[in-house]
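Visitor: Build me a structure from this.
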Amino acid sequence: MHSLSFYGAVFLVLVMGFGESVFAREPAPRADDAIGDLINQRLEAETVKEATEEAKAIAKAKRLEVIAYGERLLRAIDKVSAELASFEAQMEALQTNDQGRAIAANSDTLSMFMSFSKQERPRAREVASWGASVEATIEPARSAGENSIYKPSEAIVDELKSYGGKVVEVAKVYQSDHTKLQAILTLSGSTPGDRTLAEAIQALELQVAMQSLEAEKERTRQANQQIEQAKQEKASRLAKQEAERIRENTEQNLAMKREEAEHQRLLAYAGSYVIRQRYAPFLAKGYRVITIHRNCHDPAGHRKYWHKVNRATPLSKTGLETCGALESVERMVKVAASNNNDRPSWGWPTTEQQWQVADQRFEEMNRLVDAWVELGLLRP
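Guide: Residues are numbered from 1 along each chain as shown. Reported below is the predicted structural model:
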């Protein structure tokens with residue numbers, strides 16, 4: 001095949017330089033060191049002239065080697081750039097010729113060619129420009145006189161090898177592209193279609209662009225739909241939260257109103273005439289009150305736990321607590337039945353039934369005591 005022989009020819013041109021391959025280096029020791037050693041040896045054993053002549057010979061051999069490889073490299077660059085230019089011209093001609101129309105008539109080969117044509121590949125002009133660099137690199141070796149001791153450096157050799165490697169790589173790419181294009185042409189057949197390849201590619205690109213636009217529009221629609229759904233969900237969540245807040249506030253308000261109503265009923269009951277008469281030993285106004293600063297052990301029998309005041313007043317919650325009247329039914333009865341208390345008195349319970357009544361009053365008194373303080377029926 002054409003492509004295989006082309007790549008093989010380029011490779012053979014480039015491997016026949018600098019020893020066994022394009023990548024081989026001159027064996028150690030380096031020539032500069034060898035020249036120095038030779039001159040030193042000749043100075044000891046022979047004349048300086050003989051050593052210089054040998055150095056000239058080594059330098060000339062190196063120059064000839066560089067020139068030979070550089071010229072082979074230039075021929076390879078010319079060959080590769082020419083093949084690339086031919087390939088580019090073929091690709092351009094396919095845009096309007098019958099072979100291109102045949103590609104355009106087959107949707108599969110059209111898609112393959114469109115993808116193939118968009119691939120990055122070396123251009124003929126770029127490869128051809130490498131020749132000028134190679135020319136400049138080998139020019140010092142070409143212009144050196146017959147008796148010159150100039151010897152190309154390893155940097156020059158490396159630069160030439162670098163261009164050689166790039167030319168080989170481009171030749172491989174060209175071989176692959178040439179093979180792919182021939183395969184597309186074979187698959188497309190020989191029957192041209194109505195449209196040129198350029199027209200078909202333009203239409204396909206437009207179709208792809210429209211599909212991409214539709215896909216983008218669909219993605220935008222879905223995104224907007226998700227945003228709207230999120231807004232609705234947020235609004236629904238906020239509405240539920242607001243409804244829950246209103247419900248909780250309503251329940252709290254109702255609970256507060258119920259609590260307030262219950263409290264008002266408790267105050268009304270605590271301040272009723274019946275209750276005030278029932279608990280007159282504590283609520284009625286009198287001139288004797290419990291001494292708060294004393295530890296009251298027996299409020300009924302000991303006068304020292306009481307003291308007289310100038311202005312009639314009910315007893316106090318603190319005084320009742322001091323005497324334990326809010327902790328023990330017996331202490332409560334002692335305060336109510338005490339001779340030291342100048343308010344209406346209870347009789348001392350003598351039967352179980354009377355003690356049951358006392359127990360009920362003790363519980364009721366503890367329930368009403370704060371209400372009495374609030375109503376001013378009992379001092380704090």
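Visitor: helices and strands around the helix or strand hosting residue 336, which ones?
Guide: Following DSSP states H and E, one finds residue 336 within helix 329-337. Judged by 3 or more Cβ pairs under 8 Å, 6 or more residues apart in numbering; DSSP states H and E, helix 329-337 is in contact with helix 280-283, helix 352-375. In short, each C-beta sits where N, CA and C put it, glycine included.
Visitor: Tell me which other helices or strands the longest one touches.
Guide: Same thing as helix 352-375. Packing contacts for helix 352-375, counted by 3+ Cβ pairs under 8 Å, 6+ apart, involve helix 197-270, helix 280-283, helix 317-322, helix 329-337.
Visitor: which residues does the closest residue to residue 366 other than its chain neighbours contact?
Guide: Spatial nearest neighbour of residue 366, chain neighbours left out: residue 326 (5.8 Å); criterion: Cβ to Cβ, 6 or more residues apart in numbering. Residue 326 sits next to 317, 320, 332, 365-366, 369 when contact means Cβ atoms under 8 Å, 6 or more residues apart in numbering.
Visitor: Looks to me like residue 326 is in a helix.
Guide: No: using DSSP: H, G, I helix; E, B strand; the rest coil, the assignment for residue 326 is coil, not a helix.
Visitor: measure it to residue 201 for me?
Guide: 103 Å (Cβ to Cβ, to the nearest Å).
Visitor: now residue 54
Guide: For residue 54, the distance to residue 201 (Cβ to Cβ) stands at 66 Å.
Visitor: Give me the most central residue, the chain.
Guide: Centroid-nearest residue in the chain: residue 223, 19.5 Å away (criterion: Cα atoms, centre = their mean).
Visitor: Quick check: end-to-end length of stretch 276-284?
Guide: Using Cα to Cα, to the nearest Å, the end-to-end distance of stretch 276-284 comes out at 8 Å.
Visitor: what does it rub up against?
Guide: Residues contacting stretch 276-284 (Cβ under 8 Å, 6+ apart): 314-315, 320, 325, 335-337, 341, 343-346, 361, 365, 368, 372, 377-378.
Visitor: among the residues you listed, which ones are buried?
Guide: 314-315, 320, 325, 335-337, 341, 343, 346, 361, 365, 368, 372, 377-378 (16 or more other Cβ atoms under 10 Å).
Visitor: and which of these is nearest to residue 75?
Guide: Each of those was scored against residue 75 by Cβ to Cβ, and residue 368 proved nearest at 122.8 Å.
Visitor: what residues are up against the closest one?
Guide: Per Cβ under 8 Å, 6+ apart, neighbours of residue 368: 266, 269-270, 275, 279.
Visitor: and if we set it to 7 Å?
Guide: 270, 275 (Cβ atoms under 7 Å, 6 or more residues apart in numbering).
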